[in-house]
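Engineer: sharing a model that was predicted from the sequence below.
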Amino acid sequence: MKKQLTLTIVYRNDKVLLGLKKRGFGVGRWNGFGGKVEEGETITEAAIRELKEESGIEAIEIEKMGILDFEFESEAKVLQVHIFRVTNFNAGPVETDEMTPQWFDAAKIPFDNMWPDDIYWLPYLLEGKKFKGKFLFDRPSDIDYQSKILSMGLREVEKI
């Protein structure tokens, strides 16, 4: 069974908001904002909630841009991540217990300190293209180890 997760990228005026993960899965790396879908909420509701919890941002316009399946050779589970883009919001960003937010020029995204798959799919999102993909990693990243992509597939789609 696939574990359902969300990931939201805030993008406005050629700037991308990322958060430096302070604890938990992906600690020490720049990422979008997201997490688990809780019982009784839709995937979009989870994306909105996680964005607010992790950055203080209240999304006004949120659009689902992609779905990515992540597998790790060392584990049996599949993480299905629903990728969203927010282009209009009020409030935030603010630092939280989990993330330190920072704006980056779209041309200067710190891919060298992010998950290695981000460099492949994030340009689709920034260009307004919808996408689906699958990535197989050796094992999860942590503060001392960067995951390696063993295989991948990524394609643009008409709709999600």
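Structural biologist: Ah, there it is.

Engineer: what is the longest helix of the chain by residue count?
Structural biologist: Counting by DSSP state H, the longest helix found in the chain is helix 43-55.

Engineer: run through the neighbouring helices and strands of it.
Structural biologist: strand 2-12, strand 15-21, strand 58-72, strand 78-90, strand 99-105 (3 or more C-beta pairs under 8 Å, 6 or more residues apart in numbering; DSSP states H and E). For glycine as for every other residue, the C-beta is placed from the backbone atoms N, C-alpha and C.

Engineer: what would those strands look like in JSON lines with mean neighbour count?
Structural biologist: Below are those laid out as JSON lines (neighbours: other C-beta atoms under 10 Å):
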{"stretch": "strand 2-12", "mean neighbour count": "20"}
{"stretch": "strand 15-21", "mean neighbour count": "21"}
{"stretch": "strand 58-72", "mean neighbour count": "18"}
{"stretch": "strand 78-90", "mean neighbour count": "19"}
{"stretch": "strand 99-105", "mean neighbour count": "15"}
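
Engineer: before we move on, the earlier item: can you list contacts of the longest helix of the chain?
Structural biologist: With contacts defined as C-beta atoms under 8 Å, 6 or more residues apart in numbering, helix 43-55 is touched by 4, 6-8, 10, 17, 19, 33-38, 41, 57-59, 62, 64, 82, 84, 86, 92-94, 96, 98-99, 101.

Engineer: how distant is it from the center of its chain?
Structural biologist: The chain centre lies 11 Å from the centre of helix 43-55; the measure is C-alpha atoms, centre = their mean, to the nearest Å.

Engineer: list the buried residues for it?
Structural biologist: 43-44, 46-55 (16 or more other C-beta atoms under 10 Å).
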